[in-house]
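1. For reference, the sequence and a predicted model appear below.
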Amino acid sequence: MTASLKAIDSTADLPALMNDLAAGARAAARVLAVASAEQKNRALAAMERAIRDGATAILAANAEDVAEVRGNGATAAFIDRLTLTPARVDAMADGIRVIHDIPDPVGAITESWQRPNGMIIERVRVPLGVVAVIFESRPNVAADAGVLCLKSGNAVILRGGSDSFRSCRAIHDCLVLGLREAGLPEGAITLVPTRDRAAVGLLLSGLNGGVDVIVPRGGKSLVARVEAEARVPVFAHLEGVNHVYIDHAATLEMAKSIVLNAKMRRTGVCGAAETLLVDRAAAATHLKPLVEMLIAAGCEVRGDVDVQAVDARVRPAISEDWDTEYEDAIIAAKIVDGVDGAIAHIHDHGSHHTDAIVTEDLAAATKFLNEVDSAIVLHNASTQFADGGEFGFGAEIGIATGKFHARGPVGAEQLTSFKYRIHGTGQTRP
């Protein structure tokens, strides 16, 4: 395996390779744009079977990737994001089944009206074209992005991180089997066959018009680079500096359950909570139990002076803590003055990703949901529901934190645009 990877990584003419990939994707996109829902679903069903049948090969490839990064000193959180298990492979296949079963967004008429002159105007969903997805760590993104783009009639060029290279190749092999079985072009889902970092720069250039939109999914440095260098539109995906606010009207047991899940279920996912905000009016009853629970679960707590006062094990928070996506078992904690204080803190330090309030006060919940400017806001639920599968999308390419085109989980419907179809009976404009 190592020798073959080295051979692929030493591609002599990377620009020519990448342009060829883009040309193939562009040709495939024209086929997918008019492919029937039935044909796409045949491919998806075959992909699901191939993932399940190929689980052993996928896990073996992933084990090699994990061994390599562990040898390079990767953190536990990083290894968790990279690692596939039988349950995670099953979840990947289950997600394909959900995408298979959702309505095909392509060709759906979202609006229709008739003008006084008799013309009928329809607004119709259409694919975006060629989507480039640049991602790190999580190899399941290869499957999620591939099948979502297929369902929405888009061709996709996948560029995974070097750390998940073998895993992505094994998953991609399964997706290609599905394309073949349905008679769709293999260029519909392309995996960049090199770990050369220069491939990212070429994708960001747009490959001479070969790429229509770029979706970055990874850490802050990757997203910053994509947004700074891309010459085509980008679905913004900032880091998840997510907050859980415990209001004075929160029940303690619900607060403990939600905070523990939001932080510790999986610390490396973008929906993990990074900051705990507690209403000053609830501090006497709620703060100490929450802090003790987190520490007992293996989470480091970094707090302001009020939080430090309830437990000597709390480390002092510094200014950078309020703006940090830890992706690890670390949380920053702070006392705030009611829901207004929580909203102000999130406004100053949040990343417009996912934020939650725990309260039995409907007025406070409504204020929080209306005024927190994030893609996802929750009342009495964990931030870890920031996931396309949990929204019923089957999967997601990422959580878009911008405000143009798509926001929140980017599923099949969000990977379409629209055009207008006009039906006339000979009308001319006076």
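-> Looks like it came in fine. Numbering: from 1, shown residues only.

2. CA only for contacts and neighbour counts going forward, please
-> Fine.

3. what element comes up after the helix or strand bottoming out on mean pLDDT in the chain heading to the C-terminus?
-> Scoring the helices and strands of the chain by mean pLDDT, DSSP states H and E places helix 2-9 at the bottom, with a mean of 44. As assigned by DSSP states H and E, the chain's next helix or strand after helix 2-9 is helix 14-34.

4. then the helix or strand that that next one is followed by to PDB, C-alphas only?
-> Once the chain leaves helix 14-34, the next helix or strand it forms, by DSSP H and E, is helix 37-53. Provided in PDB are the C-alpha atoms of helix 37-53 (Å, rounded to 0.1, in the frame of the first residue of the first chain):
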ATOM      1  CA  ALA A  37     -34.700   9.900 -10.100                       C
ATOM      2  CA  GLU A  38     -35.000   6.200 -10.700                       C
ATOM      3  CA  GLN A  39     -31.500   5.900 -12.200                       C
ATOM      4  CA  LYS A  40     -29.900   8.000  -9.400                       C
ATOM      5  CA  ASN A  41     -31.700   5.900  -6.800                       C
ATOM      6  CA  ARG A  42     -30.400   2.700  -8.500                       C
ATOM      7  CA  ALA A  43     -26.900   4.000  -8.000                       C
ATOM      8  CA  LEU A  44     -27.600   4.900  -4.400                       C
ATOM      9  CA  ALA A  45     -29.000   1.500  -3.600                       C
ATOM     10  CA  ALA A  46     -26.000  -0.200  -5.200                       C
ATOM     11  CA  MET A  47     -23.700   2.200  -3.200                       C
ATOM     12  CA  GLU A  48     -25.400   1.200   0.000                       C
ATOM     13  CA  ARG A  49     -24.800  -2.500  -0.700                       C
ATOM     14  CA  ALA A  50     -21.200  -1.900  -1.700                       C
ATOM     15  CA  ILE A  51     -20.500   0.000   1.500                       C
ATOM     16  CA  ARG A  52     -22.000  -2.800   3.600                       C
ATOM     17  CA  ASP A  53     -20.200  -5.500   1.500                       C
END
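
5. Need the mean per-residue confidence for helix 37-53.
-> Across helix 37-53, the average pLDDT comes to 98.

6. got the buried residues for that helix?
-> Within helix 37-53, the residues scored as buried using 16 or more other CA atoms under 10 Å are 37, 40-52.

7. For the residue of the chain positioned farthest from its centre, give its distance to Met264.
-> Computed with CA atoms, centre = their mean, the residue of the chain farthest from its C-alpha average is Pro430, at 49.5 Å. As judged by CA to CA, to the nearest Å, Pro430 and Met264 stand 66 Å apart.

8. how about the buried residues of helix 37-53 in JSON lines, adding distance to Val124?
-> As requested, the buried residues of helix 37-53 are exported to JSON lines (distance: CA to CA, whole Å):
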{"residue": "Ala37", "distance to Val124": "15"}
{"residue": "Lys40", "distance to Val124": "19"}
{"residue": "Asn41", "distance to Val124": "21"}
{"residue": "Arg42", "distance to Val124": "24"}
{"residue": "Ala43", "distance to Val124": "24"}
{"residue": "Leu44", "distance to Val124": "23"}
{"residue": "Ala45", "distance to Val124": "26"}
{"residue": "Ala46", "distance to Val124": "28"}
{"residue": "Met47", "distance to Val124": "28"}
{"residue": "Glu48", "distance to Val124": "29"}
{"residue": "Arg49", "distance to Val124": "32"}
{"residue": "Ala50", "distance to Val124": "33"}
{"residue": "Ile51", "distance to Val124": "33"}
{"residue": "Arg52", "distance to Val124": "35"}
